[in-house]
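Engineer: build me a model from this:
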Amino acid sequence: MAEHNHEHLVAVDENGNEIVFAVIERFEANDKNFILFAEEKEGGSEVQAAVIVVDAEGNEDLQPIESPEDQAAVAEVLERLSNGVDEEVSAEHIVAVDDNGNEIKFVVIARFTVGEKTYVAFVEEEVEEPELQVAIITENEAGEQGLAPIESDEEFEKVQEILTEILSGHED
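Structural biologist: Below is the predicted model:
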């Protein structure tokens, strides 16, 4: 297995299966410690946030974010991350149109190249708990750009590793 420079959380679901989460950011706000993390899975990962509570033995327990003040603090950090990853794309947006003709606006978190493909990571704008999505940037014969899904588990794992490095601030 490849060596990583980022932190992971491992949770066990009700069936005893381990779920691996990449830690995106730890931060302090409102006299509490918070953590942002995302499951390492294909098809996009929902960025999750929690309050870190440390017990008497020093073990960390994650609690849900409940207060509007804490939700605002998390939203502020997510916004900072989305604006600070790459200054060139800090204000970049993607606009999609759903089946009903409604525009959905996404904020670009990162744009990066792996091999011959360019990828974009993005989250829906103005959503309380946005899901981090990653897609391949395509270009048709007319030079118009579009998005395509990641094609294989192996490709997704490579992209997920690089994106986690970018979001964790450990890009070399």
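Engineer: just want the most central residue of the protein.
Structural biologist: Leu132 (4.2 Å; CA atoms, centre = their mean).
Engineer: secondary structure element for that one?
Structural biologist: strand 131-139 (DSSP states H and E).
Engineer: what residues does that strand touch?
Structural biologist: Residues outside strand 131-139 that contact it (CB atoms under 8 Å, 6 or more residues apart in numbering) are 38, 44-47, 106, 109, 111, 117-124, 145-151, 156, 159-160, 163. The way it works is simple: take the backbone N, C-alpha and C, and place the C-beta from them, glycine included.
Engineer: filter these down to the buried ones, ChimeraX style.
Structural biologist: Command for ChimeraX that selects the buried part of the contacts of strand 131-139, burial taken from 16 or more other CB atoms under 10 Å:
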select :38,44,45,47,106,109,111,119,120,121,122,123,124,147,150,156,159,160,163
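Engineer: of the contacts of strand 131-139, which belong to helices?
Structural biologist: Counted as lying in helices by DSSP state H, out of the contacts of strand 131-139, are 156, 159-160, 163.
Engineer: would you reformat these as CSV and include pLDDT and distance to Asn30?
Structural biologist: Shown next, in CSV, are the ones in helices among the contacts of strand 131-139 (pLDDT from 0 to 100; distance: CB to CB, whole Å):
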residue, pLDDT, distance to Asn30
Phe156, 85, 35
Val159, 84, 34
Gln160, 83, 30
Leu163, 81, 28
